[in-house]
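Colleague: can't give you the sequence, but here's the structure:
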């Protein structure tokens, strides 16, 4: 029976052999049909991961936040003729991206789902943060509008305090420093905030400090780097 | 400056080369001093990961749920003479185990922390569940007492519904089937429940069904296997 393989990608330009284990590389290289979030980055990744020279011969289908339920359903016919690999733009498929709809369709249709090992920016950040790893919530993106965003930050800090739960967020890179400013403006001095940028890359930066200490680092800029934000209230 | 390396382990008896990437194996094999959750399983893992024959020459220190803050603080002196690797009993260190206290101590003392890539049972389960990967919370273990446990299940389902948040739990393996029974007893028929057992192993089992469908699988037993439970309310 054909299967859906969930294929993690590298987080940026790390060589695939460095951060993906043998079982993932082997499964990946045996596939010819892929469902991908973004064609260009998927081709670049597949080329770097061992399909050098013949990426054009692979069959790629797109699944992104604009895909309709009917389009997801239509991908079901792929499994009648082949195994399929699911690839996201960076990191783990079906986490922080729309890939879960394809996985859910597979469960409904009895297609076995095989998750493969690879880098998770959320877990690398959580491990390295020193914040509570025994209770945590990933909240994705905060609202873009200032008032809603401030309210969401206050709510997250309150939940973090009540449940002793680390709160995890991501942001579009060009808004990283604005989000950092919003956190410093809205959080209590005693809350701890971790910034984890460029994970697995040579420029990796991981800093955990109480908000009071962050206020002293006025010149610190994250810049337009992939970044995970983690918060634990006192 | 000496560093703390966060070293993921295999989930069960998979060969280390299968599920750990080159960057993790290389960092691991360069270390001589480790802080580990459990001596016996750490020795078994280190031996399988490339220290065959000379595991006894490595320096191992213990950090577990019985360690006091003073004992964690005392581990700080290790960094004056060496890099240190942190190893948990299975999977990612400082996630779902007490290792975060050592990481937090490193942040306070300016010791750089380097998270390495490896299998995360929570993320493998989440990816493969088909449940919402854009908002999720890990709640760890549910209370052992029946009434508290039932209340916690109701609260988790309510939060899941209100926030459209996947709820993730783990359980001591011998209690897996009792927890499954509690979920089936306490959850709404329309909530979806995923059981992900023996991840990365040949016996891997991943099933996502609405609670109403789980009720029809009366003969299904998880058994004493490492298992992740995931819940998404309608």
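Modeller: Ah, there it is. As the structure is a computational prediction, the values presented were derived from the model and not from experiment.

Colleague: between the longest helix anywhere in chain A and helix B:146-163, how many degrees?
Modeller: Secondary structure assigned by DSSP state H gives helix A:146-163 as the longest helix of chain A. For helix A:146-163 against helix B:146-163, the angle by axes from the mean of the first three to the mean of the last three C-alpha atoms, to 10 degrees is 170 degrees.

Colleague: Mean confidence (pLDDT) on helix A:146-163, please.
Modeller: Here the mean pLDDT over helix A:146-163 is 95, rounded to a whole number.

Colleague: Which strands and helices lie in contact with it?
Modeller: Applying 3 or more C-beta pairs under 8 Å, 6 or more residues apart in numbering or on different chains; DSSP states H and E, one finds that helix A:146-163 contacts strand A:136-140, strand A:166-170, helix A:176-186, strand A:227-232. (C-beta placed from N, C-alpha, C; glycine too.)

Colleague: The residue nearest to residue A:174 when sequence neighbours are not counted: neighbouring residues, count only.
Modeller: Once its chain neighbours are removed from consideration, residue A:174 has its nearest residue in residue A:224; the separation is 5.3 Å (C-beta to C-beta, 6 or more residues apart in numbering or on different chains). By the criterion of other C-beta atoms under 10 Å in any protein chain shown, residue A:224 has 13 neighbours.

Colleague: Then residue A:191?
Modeller: Applying other C-beta under 10 Å, I find that residue A:191 has 21 neighbouring residues.

Colleague: Same question for residue A:17.
Modeller: Counted by other C-beta under 10 Å, the residues lying close to residue A:17 total 16.

Colleague: burial measure for the closest residue to it other than its chain neighbours, as a count.
Modeller: Counting by C-beta to C-beta, 6+ apart, the nearest residue to residue A:17 once its immediate chain neighbours are dropped is residue B:22, at 5.7 Å. Neighbour count of residue B:22, defined by other C-beta under 10 Å: 17.

Colleague: now swap in residue A:52 and tell me
Modeller: By the other C-beta under 10 Å criterion, the neighbourhood of residue A:52 contains 9 residues.

Colleague: just checking, residue A:112 touches residue A:79?
Modeller: No: judged on C-beta atoms under 8 Å, residue A:112 makes no contact with residue A:79 at a distance of 9.7 Å.

Colleague: Which of those two has more residues huddled nearby?
Modeller: residue A:79 (20 against 16).

Colleague: Make JSON lines out of the helices and strands packed on helix A:146-163 and add distance to residue A:54, mean neighbour count and mean pLDDT.
Modeller: JSON lines is the format used below for the helices and strands packed on helix A:146-163 (distance: least, C-beta to C-beta, whole Å; neighbours: other C-beta atoms under 10 Å in any protein chain shown; pLDDT from 0 to 100):
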{"stretch": "strand A:136-140", "distance to residue A:54": "36", "mean neighbour count": "23", "mean pLDDT": "96"}
{"stretch": "strand A:166-170", "distance to residue A:54": "34", "mean neighbour count": "24", "mean pLDDT": "97"}
{"stretch": "helix A:176-186", "distance to residue A:54": "37", "mean neighbour count": "17", "mean pLDDT": "95"}
{"stretch": "strand A:227-232", "distance to residue A:54": "35", "mean neighbour count": "24", "mean pLDDT": "98"}
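
Colleague: could you redo those as TSV and give each row distance to residue B:43?
Modeller: TSV is the format used below for those (distance: least, C-beta to C-beta, whole Å):
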stretch	distance to residue B:43
strand A:136-140	30
strand A:166-170	31
helix A:176-186	42
strand A:227-232	32
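
Colleague: State the distance from residue A:221 to chain B.
Modeller: Taking C-beta to the nearest C-beta, to the nearest Å as the criterion, residue A:221 is separated from chain B by 20 Å.

Colleague: Tell me where chain A has helices.
Modeller: Taking DSSP H as the criterion, chain A carries its helices at A:16-19, A:22-29, A:39-46, A:69-74, A:100-109, A:121-129, A:146-163, A:176-186, A:211-214.

Colleague: Deepest-packed of these, please.
Modeller: Ranked by average neighbour count under the criterion mean count of other C-beta atoms under 10 Å in any protein chain shown, the helices of chain A are headed by helix A:121-129 at a mean of 28.

Colleague: can you list contacts of that one?
Modeller: Applying C-beta atoms under 8 Å, 6 or more residues apart in numbering or on different chains, the set of residues contacting helix A:121-129 from outside is A:11, A:90-91, A:95-96, A:133, A:136, A:138, A:166, A:168, A:170, A:194, A:196, A:199-200, A:206, A:208, A:226, A:228, A:230, A:232, B:6, B:92-95, B:100, B:103, B:113-115, B:117, B:120, B:122-123.

Colleague: Overlap in contacts, residue A:112 and residue A:79.
Modeller: Common neighbours of residue A:112 and residue A:79 (C-beta under 8 Å, 6+ apart) are A:3, A:4, A:106.

Colleague: Filtering those by proximity to chain B, which remain?
Modeller: Of the residues in these, proximity to chain B by C-beta under 8 Å from any C-beta of the partner chain holds for residue A:106.

Colleague: I'd like the shared contacts of residue A:112 and residue A:79 written out as a markdown table, with distance to residue B:151 and pLDDT added.
Modeller: Below are the shared contacts of residue A:112 and residue A:79 laid out as a markdown table (distance: C-beta to C-beta, whole Å; pLDDT from 0 to 100):
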| residue | distance to residue B:151 | pLDDT |
| --- | --- | --- |
| A:3 | 39 | 98 |
| A:4 | 36 | 98 |
| A:106 | 34 | 96 |
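
Colleague: Closest one of the shared contacts of residue A:112 and residue A:79 to residue A:180?
Modeller: Checking those against residue A:180 by C-beta to C-beta gives residue A:4 as the nearest, at 37.3 Å.

Colleague: Isn't the closest one up against residue A:86?
Modeller: Yes: the pair residue A:4 / residue A:86 is scored as a contact, 6.1 Å apart, by C-beta under 8 Å.

Colleague: Let me see the contact set for the nearest residue to residue A:190 once chain neighbours are set aside.
Modeller: If you skip the residues right next to it in sequence, residue A:190 has residue A:234 as its closest partner in space, 4.1 Å away by C-beta to C-beta, 6+ apart. If you count contacts by C-beta under 8 Å, 6+ apart, residue A:234 has them with A:161, A:188, A:190, A:191, A:192.

Colleague: One more pass at 7 Å, please.
Modeller: Contacts of residue A:234 were listed using C-beta atoms under 7 Å, 6 or more residues apart in numbering or on different chains, and they are A:161, A:188, A:190, A:191.

Colleague: Count the residues that sit near residue A:80.
Modeller: Under the neighbour criterion other C-beta under 10 Å, residue A:80 is assigned a count of 8.

Colleague: okay, it: pLDDT?
Modeller: According to the per-residue confidence, residue A:80 scores 96 in pLDDT.

Colleague: what does residue A:223 give?
Modeller: Note on residue A:223: pLDDT of 96.

Colleague: Report the contact partners of it.
Modeller: Shown here is residue A:223, whose contacts under the criterion C-beta under 7 Å, 6+ apart are residue A:176.

Colleague: repeat that with 10 Å
Modeller: Taking C-beta atoms under 10 Å, 6 or more residues apart in numbering or on different chains, we find residue A:223 in contact with A:173, A:174, A:176, A:177, A:197, A:198, A:203, A:205.
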